[in-house]
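**Student:** sequence and predicted model, in that order:
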Amino acid sequence: AVGFRLGGVAVLDASMARSRRDGDGQQALVKQIPRRYQVTALKYSPDGRFLAVASSDNNIDVVLVSADYTRWGVCKAHKGTVQHLDWSANSKFLRSSDADEVVLHWNVESQHKGQVGQVKRGLDLRDEKWASFNCPL
């Protein structure tokens, strides 16, 4: 997946992109995800079920890959532009940090009415294993 400054995400199939260069006419573009704001961070969950898309509107869209990249929910609580994303090793939790150096945690499986549930106490995730460590603390 590739995010753009003017908004939007393009999901590409790298194997098709390689063969397109060879001239067989296959399309590398799998899906376009419209966004109005600059995409600032992208991260697939370790199990490949979700793609988190952060943008300069201070929100994170979580899309369900298996449902043709349909929005699963949105993470809304940041006051600054989201810059970094990390997934837990089991793909249940998302960690995000913004330009104001605020780190928030999200329980992706607790989506309600389009809103992804925020984990209010980071201490609750102290024993959680993380697949990456991109969010500065």
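**Tutor:** Nice, I can see it.
**Student:** center of the chain, which residue is that?
**Tutor:** When CA atoms, centre = their mean is applied to the chain, the residue found nearest the centroid is Ala52 (1.1 Å).
**Student:** next up, the contacts around that residue.
**Tutor:** Contacts for Ala52 were tallied using CB atoms under 8 Å, 6 or more residues apart in numbering; they are 41-45, 60-62, 75, 85, 87, 94, 96. C-beta: built from backbone N, CA, C; applies to glycine.
**Student:** swap the cut-off to 6 Å and go again
**Tutor:** Lys43, Ile60, Val62, Leu85, Leu94 (CB atoms under 6 Å, 6 or more residues apart in numbering).
**Student:** what sits against Lys92?
**Tutor:** Lys92 sits next to Glu109 when contact means CB under 6 Å, 6+ apart.
**Student:** start at 141 instead
**Tutor:** Yes, from this point I'll number from 141; that puts the last item at Lys232.
**Student:** what's the distance between it and Asp238?
**Tutor:** Distance, Lys232 to Asp238, by CB to CB, to the nearest Å: 21 Å.
**Student:** ok so, going back, the residue nearest to the centre of the chain bridge partners, please.
**Tutor:** Using DSSP bridges, the bridge partners assigned to Ala192 are Lys183, Val202.
**Student:** all strands for this structure, in order.
**Tutor:** Listed from the start of the chain, the chain has strands (DSSP state E) covering 142-143, 149-152, 169-173, 179-184, 190-195, 199-204, 210-216, 222-227, 233-238, 243-252, 255-259.
**Student:** hmm, Asp226 is touching Asn274, no?
**Tutor:** Yes - the pair Asp226 and Asn274 passes the contact test of CB atoms under 6 Å, sitting 5.3 Å apart.
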